[in-house]
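>>> sequence first, then the predicted structure, then my questions.
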Amino acid sequence: MFKQDGAKISDQFLWESYRSGDPAAYTMLIKNYFNPLFRYGIRFIDDDDFVKDCIQDVFLSLWNSRANIGPAASVKSYLFKALRMRIFREKSKWGVAEVLDENYTFMIEFNIENKLIEEQSSEETRLKIINALNLLPKRQKEVLYLRFYESLDHDRIAQVMGVNKQSVYNLLHDAIGHLRKVWFQEVILLLTLCLKNS
């Protein structure tokens, strides 16, 4: 990333420089965000080439329309939303009839379980949590991913997913409530087994 007297240059500085036509800032935005965008995009469709093409299209469109693009309160959420929209716009290439906001999938093969249970090393527990995450509805999985893996706040998640802030709160509340319920059941089961064996 650009350095200025040893300090990291902010996304906002890069964004404004890119908007002014600075190719180095544009290149740095691509370098900084390609991998996070790929990790997000691959959750919707398991096709590396398709997701890479969509990311390339997003950045090409950004460069071609830089004179008309305004400031971004959050560069990350702006780019995530642009990729999400591009993927769904290109859904005819998925090979299946998908309906935006209703039937899309969101794969949970990311390492969010590590964020949620950083100090837990038990493979059995890890697998149970992954299974619990996989039982969540697609929107709850996506909101957990954006919150815990990408560290977006509620406003930014709402922007990316195209929903209102209250919907984000509701999705997070329901997802965490479900995970707590599953976790609570596991703890009760373990306690019951321990009591029986004592």
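Structure received. Residues are numbered from 1 along each chain as shown.
>>> contacts, neighbours, all on C-alpha from now
Fine.
>>> any idea how far the most centrally placed residue in the chain is from Y33?
Centroid-nearest residue in the chain: L146, 3.8 Å away (criterion: Cα atoms, centre = their mean). Distance of L146 to Y33, computed by Cα to Cα, to the nearest Å: 14 Å.
>>> please apply the same query to F50.
F50 is 17 Å from Y33, by Cα to Cα.
>>> same deal with V168?
As judged by Cα to Cα, V168 and Y33 stand 23 Å apart.
>>> neighbour count winner among these two?
Between V168 and Y33, counting by other Cα atoms under 10 Å, V168 is the more crowded of the two (25 against 15).
>>> contacting residues for that one?
Listed by Cα atoms under 8 Å, 6 or more residues apart in numbering, the contact set of V168 reads 143, 154, 157-158.
>>> which of these are buried?
143, 154, 157-158 (16 or more other Cα atoms under 10 Å).
>>> would you list every one of the helices in the protein?
Listed in chain order, the helices of the chain (DSSP state H) span 11-19, 23-41, 48-64, 75-89, 112-116, 123-134, 138-144, 154-161, 165-197.
>>> turn those helices into CSV, including mean pLDDT.
CSV is the format used below for the helices of the chain (pLDDT from 0 to 100):
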stretch, mean pLDDT
helix 11-19, 93
helix 23-41, 94
helix 48-64, 94
helix 75-89, 94
helix 112-116, 51
helix 123-134, 72
helix 138-144, 90
helix 154-161, 94
helix 165-197, 74
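>>> hang on, Q12 packs against K76?
No - with contact defined as Cα atoms under 8 Å, Q12 does not count as touching K76 (10.2 Å).
>>> tell me which of the two has more neighbours.
Applying other Cα under 10 Å to Q12 and K76 shows that K76 carries more neighbours, namely 20 against 14.
>>> leaving out sequence neighbours, find the closest residue to that one.
Y33 (7.6 Å; Cα to Cα, 6 or more residues apart in numbering).
>>> from K138, how far off is that neighbour?
24 Å.
>>> perfect, I'm done here.
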